[in-house]
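Peer 1: This is the structure alone, sequence omitted:
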């Protein structure tokens, strides 16, 4: 599983000209599911993200987690994160899980984050989405599990 995490002041996802998910201060997660990822992988990743200290405390240090400061989360599935670009000019997506496997794993990320008490908005799995964000910092992390 590969996640690109971006700390944001706001973010939204639009499908067919309608905003289907939006957050204010929090984290945008672009989630790529690999062939061997499972709900256990997803739950572990979500627990890590909920507790990752990426928000600033009163001293300006990144000491607070999403849980500590009540941050919101926007989860967007993105299979292209699993692209292999090591050969040729066209990305290969052979390592990305097919939708039947990936969708429940992404759902598990969402449900685990919600079970931690976080407010979570989502994109629409398999849809053509437009993601808008204001990166805060900028803080962008790549997480692999």
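Peer 2: Yes, it's here. Values in this document were obtained by computation on a predicted structure and should not be read as measured data.
Peer 1: Can you tell me the centre-most residue of the chain?
Peer 2: For the chain, the residue lying nearest the average C-alpha position, counting by CA atoms, centre = their mean, turns out to be residue 29 (1.8 Å).
Peer 1: For residue 16, what are phi and psi?
Peer 2: phi 50, psi 50 (degrees, to the nearest 10).
Peer 1: Quick check: nearest residue in space to the residue nearest to the centre of the chain, chain neighbours excluded?
Peer 2: residue 75 (4.9 Å; CB to CB, 6 or more residues apart in numbering). (Glycine included, C-beta is placed from N, CA and C.)
Peer 1: what about the residue lying closest to residue 99 once chain neighbours are set aside, which SS state?
Peer 2: Spatial nearest neighbour of residue 99, chain neighbours left out: residue 126 (6.0 Å); criterion: CB to CB, 6+ apart. Following DSSP: H, G, I helix; E, B strand; the rest coil, the label given to residue 126 is coil.
Peer 1: Now the host helix or strand of residue 7: buried residues?
Peer 2: Taking DSSP states H and E as the criterion, residue 7 maps to strand 2-15. Neighbour-count burial for strand 2-15, counted by 16 or more other CB atoms under 10 Å, picks out 2-8, 10-14.
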